[in-house]
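Enquirer: Mind folding the following:
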Amino acid sequence: MTGTITDVPGVKVGHAQNREAWTGCSVILLERPSVCGVDVRGSAPGTRETELLDPTNTVSVVHAICLSGGSAYGLDAATGVMQFLEEKGVGLDVGFGVVPIVPSAVLFDLAIGDHRIRPDRQMGYEAAAHASKEAVAQGNVGAGTGASVGKLGGYLNAMKSGLGSASITLDSGLAVGAIVAVNAVGHVFDPQSGAILAGPRDASGSIVDSVELMKTHPFSPIPPGTNTTIAVVASNARLTKAEAKKVAQMAHNGLARTIRPIHTLHDGDTIFSVATGEVEASVDLIGTLSADVLAAAVIRAVQQAEPAGGLPSSSSLSR
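Expert: Below is the predicted model:
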């Protein structure tokens, strides 16, 4: 067991990144077509193929999911994933070849590194080609390469975040995992102790509570839509599209437990839910465990992050 989302049978993960431009993408590659749902709670999302996942729409399975930096520009990375899958003959058979179904979500990381360089088709292809069942690399990798948190005090007073993953496997054989790139406008806290792990910093460099900062500074110093936490939760359960959507809705509780504030006008928080279809399990159990592993993945994302782009990380401040 890796303790990451690749513990879920049928799920692989690959990253690609540019650590000079501080951006990247992560691909969740599915070994077989899998049911998928999505739930968008933030007010400034950047997404692709999410309408397809509505339970009332026709296509019932996906072949991969792409999480990317680069804001809306980063949606181009999914095209590279499609190219990789097409070359492998993987996709929806439409009678004239295959069409890989690759939903995608992006986060805003243009404030760190070189904003002129964004994840593109080549980077998406590279991430898909690197996908494996190995433990997911975490921190400043993939979609989390340029992620940051605590921007209600302005970008210069933010902290570096990253990408995290976690999983749980029950004796029944049910496996549930999560992968998340944490780029929230708010702060990240430990739900057990209540301690703030990463967030806005004051003039002395001390971390402050985002909500308390909002009370005294009601107007944000950064533009709306320049953040977003994006995630995938996966299980090896048999679910319908409607049930997968419900799991995605429940999984948002994992963000609410660890990020404050969440689902704001500044964020485009989006969670995909994938079911690879091997075991029977209740939707309530899967949704509950998905929230648990997503919360754990958020904590890992900030704990594994290293300083970058002039921003300190949780690990650097605790040294």
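
Enquirer: which residues of the stretch 1-150 of the chain fall in strands?
Expert: Remark: strands assigned in the stretch 1-150 of the chain by DSSP state E, counting those that start in this stretch are 11-18, 23-40, 47-48, 61-68, 92-93, 98-99, 104-106, 148-149.

Enquirer: can you give me how far the first one is from the chain middle?
Expert: What it means is strand 11-18. 12 Å (Cα atoms, centre = their mean, to the nearest Å).

Enquirer: Give the other helices and strands that it contacts.
Expert: Judged by 3 or more Cβ pairs under 8 Å, 6 or more residues apart in numbering; DSSP states H and E, strand 11-18 is in contact with strand 23-40, helix 121-129. C-beta: built from backbone N, CA, C; applies to glycine.

Enquirer: and if you look at the last one?
Expert: Under the contact criterion of 3+ Cβ pairs under 8 Å, 6+ apart, the helices and strands touching strand 148-149 comprise strand 159-160.

Enquirer: export the strands of the stretch 1-150 of the chain to CSV and tack on mean neighbour count and mean pLDDT?
Expert: Shown next, in CSV, are the strands of the stretch 1-150 of the chain (neighbours: other Cβ atoms under 10 Å; pLDDT from 0 to 100):
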stretch, mean neighbour count, mean pLDDT
strand 11-18, 24, 98
strand 23-40, 26, 98
strand 47-48, 20, 96
strand 61-68, 28, 98
strand 92-93, 12, 92
strand 98-99, 16, 96
strand 104-106, 31, 98
strand 148-149, 31, 96
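
Enquirer: which one of these lies closest to Ala166?
Expert: Counting by Cβ to Cβ, Ala166 lies closest to strand 11-18 out of the strands of the stretch 1-150 of the chain; the figure is 12.6 Å.

Enquirer: What angle do helix 121-129 and that closest one make with each other?
Expert: 140 degrees (axes from the mean of the first three to the mean of the last three Cα atoms, to 10 degrees).

Enquirer: hmm, who's touching strand 11-18?
Expert: Residues from elsewhere that reach strand 11-18, judged by Cβ atoms under 8 Å, 6 or more residues apart in numbering: 4-6, 23-31, 113, 117, 119, 123-124, 126-133, 136-137, 140-143, 145, 163, 165, 177, 179, 234, 274, 276.

Enquirer: Could you pick out the buried ones from the residues you listed?
Expert: Using 16 or more other Cβ atoms under 10 Å as the burial test, the contacts of strand 11-18 include 4-6, 23-30, 113, 117, 119, 123-124, 126-128, 130-131, 133, 136-137, 140-143, 145, 163, 165, 177, 179, 234, 274, 276 as buried.

Enquirer: still on that earlier bit, of the strands of the stretch 1-150 of the chain, give the one that comes closest to Val247.
Expert: Closest approach to Val247 among the strands of the stretch 1-150 of the chain is made by strand 23-40 (6.6 Å; Cβ to Cβ).

Enquirer: report the angle between the axes of that closest one and strand 61-68?
Expert: 130 degrees.

Enquirer: Show me what strand 23-40 is packed against.
Expert: With contacts taken as 3+ Cβ pairs under 8 Å, 6+ apart, strand 23-40 sits against strand 11-18, strand 61-68, helix 77-87, helix 121-129, strand 175-181, helix 241-258, strand 270-279.

Enquirer: Now do that strand and strand 270-279, the angle between them.
Expert: Using the same axes, to 10 degrees: strand 23-40 against strand 270-279 is 80 degrees.

Enquirer: Do a quick rundown of the strands in the stretch 201-319 of the chain.
Expert: With DSSP E, counting those that start in this stretch as the criterion, the stretch 201-319 of the chain has strands at 230-237, 259-260, 270-279.

Enquirer: before we move on, back to that, adding distance to Leu156, write the helices and strands packed on strand 23-40 out as TSV.
Expert: As requested, the helices and strands packed on strand 23-40 are exported to TSV (distance: least, Cβ to Cβ, whole Å):
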stretch	distance to Leu156
strand 11-18	22
strand 61-68	25
helix 77-87	28
helix 121-129	27
strand 175-181	21
helix 241-258	24
strand 270-279	27
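
Enquirer: Which one of those lies nearest to Ser43?
Expert: Of all the helices and strands packed on strand 23-40, it is strand 270-279 that lies closest to Ser43, at 11.3 Å by Cβ to Cβ.

Enquirer: hey, C-alpha coordinates of the closest one in PDB?
Expert: These are the backbone C-alpha positions of strand 270-279, laid out as PDB (Å, rounded to 0.1, in the frame of the first residue of the first chain):
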ATOM      1  CA  THR A 270     -14.000  21.500  -8.000                       C
ATOM      2  CA  ILE A 271     -14.000  17.800  -7.100                       C
ATOM      3  CA  PHE A 272     -14.300  14.900  -9.400                       C
ATOM      4  CA  SER A 273     -15.400  11.500  -8.100                       C
ATOM      5  CA  VAL A 274     -14.400   8.300 -10.000                       C
ATOM      6  CA  ALA A 275     -15.700   4.800  -9.400                       C
ATOM      7  CA  THR A 276     -13.800   1.900 -11.000                       C
ATOM      8  CA  GLY A 277     -16.600  -0.600 -10.400                       C
ATOM      9  CA  GLU A 278     -15.200  -3.600  -8.500                       C
ATOM     10  CA  VAL A 279     -17.000  -3.800  -5.100                       C
END
